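Student: What would the 3D arrangement of this be:
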Amino acid sequence: MNDNIYWKDVYRGKVKFASKNNSDVIPWEIKTVDPNLKQFLDSINLNTGELLELGCGSGYDSVYLAHHGFNVTAIDVSEDVIELSKKIHVDSKVNFIAADFFQGITDKKFDIIYDRGFLHNYKHRLHEIFEKLNTLLADNGKLIIITGSPCQPIIDSCMPPPIFLGEIEYYSSNFFKIILAKEVPFITDTNFENCLGYMFVLEKINPNISYNR
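Tutor: Numbers count the residues shown, from 1 in each chain. Here you go, the predicted model:
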């Protein structure tokens, strides 16, 4: 199945997930800000600039980021979930856009790009993703990535796809340096089991500076 059709079907209720109680629920839609993101932003002095969220879903992280001080553009390939986000967050300053990341979003440059669960669903396109992220980020821009962990044991519930640290290093090294790699819980809806995850923070490489990588 085409990737775009699959993700559109998810938000039309046509895809079911292995669950403890309710397979009609979308696992990653927790209807609040991801606590890992909140904790990270609370720990650093970072609250302004242009920010892009990839695969924003129903938009709770995007709205939190806008309240935190960022000028937020949030994209998802599903027109249905973008319309839902606009209805849920009717007074939000977030610019919600139905768009395919791989088809060209904007010529705008972003200071921060945030991803919770987008990248790990496109492991077969990691090099392409990091190339595109490099073009979208301003100089010294940062990526914040929350993804599945390969350390997660097999369970009888939907699990986020794992991303290995080595994969991030290999596919991003021409464009970025890793400044944080931290194991975190990947928070899911209460109908599912929380899993192990990773938070990665990467910084765009200045081509005029030599880094030891």
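Student: chain center to the helix or strand bottoming out on mean pLDDT in the chain: distance?
Tutor: Using mean pLDDT, DSSP states H and E, the weakest-scoring helix or strand in the chain turns out to be helix 3-10, at a mean of 87. A distance of 17 Å separates the centroid of the chain from that of helix 3-10, by C-alpha atoms, centre = their mean, to the nearest Å.
Student: same check, this time on stretch 33-44
Tutor: Counting by C-alpha atoms, centre = their mean, stretch 33-44 is centred 14 Å from the centre of its parent chain.
Student: Flag every buried residue along that stretch.
Tutor: 33-34, 36-37, 40-41 (16 or more other C-beta atoms under 10 Å). To be clear about C-beta, it is placed using only N, CA and C from the backbone, and glycine gets the same treatment.
Student: Adding distance to residue 188, pLDDT and secondary structure, write the residues you listed out as TSV.
Tutor: Output for these, formatted as TSV (distance: C-beta to C-beta, whole Å; pLDDT from 0 to 100; DSSP: H, G, I helix; E, B strand; the rest coil):
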residue	distance to residue 188	pLDDT	secondary structure
33	14	97	coil
34	10	97	coil
36	12	96	helix
37	15	95	helix
40	19	93	helix
41	21	91	helix
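Student: Now residue 202: which helix or strand?
Tutor: strand 195-204 (DSSP states H and E).
Student: Not counting that strand itself, show me its contacts.
Tutor: 36, 40, 134, 137-149, 151-152, 155, 159-160, 163, 165, 168, 172, 175-186, 188 (C-beta atoms under 8 Å, 6 or more residues apart in numbering).
Student: Those residues in strands, which ones?
Tutor: Within these, residues falling in strands by DSSP state E are 137-148, 176-186.
Student: where does the residue nearest the centre of the chain land in three-state SS?
Tutor: When the chain is reduced to its mean C-alpha position, the nearest residue by C-alpha atoms, centre = their mean turns out to be residue 115, at 1.6 Å. Using DSSP: H, G, I helix; E, B strand; the rest coil, the structure places residue 115 in strand.
Student: My guess is it contacts residue 136. True?
Tutor: No - using C-beta atoms under 8 Å, residue 115 makes no contact with residue 136, being 11.7 Å away.
Student: quick one, what contacts the nearest residue to residue 138 once chain neighbours are set aside?
Tutor: Nearest residue to residue 138, sequence neighbours excluded (C-beta to C-beta, 6 or more residues apart in numbering): residue 109, at 4.2 Å. By C-beta under 8 Å, 6+ apart, the contact list for residue 109 reads 50, 136-138, 141.
Student: Got the confidence number for residue 109?
Tutor: We have a pLDDT of 94 for residue 109.
Student: next one: residue 212
Tutor: Looking at residue 212, its pLDDT reads 51.
Student: for residue 2, same thing?
Tutor: pLDDT, residue 2: 68.
Student: and residue 191, that one's in a strand?
Tutor: No - going by three-state DSSP, the assignment for residue 191 is coil, not a strand.
Student: shouldn't it be in contact with residue 19?
Tutor: Yes - contact criterion C-beta under 8 Å: residue 191 and residue 19 qualify, at 4.9 Å.
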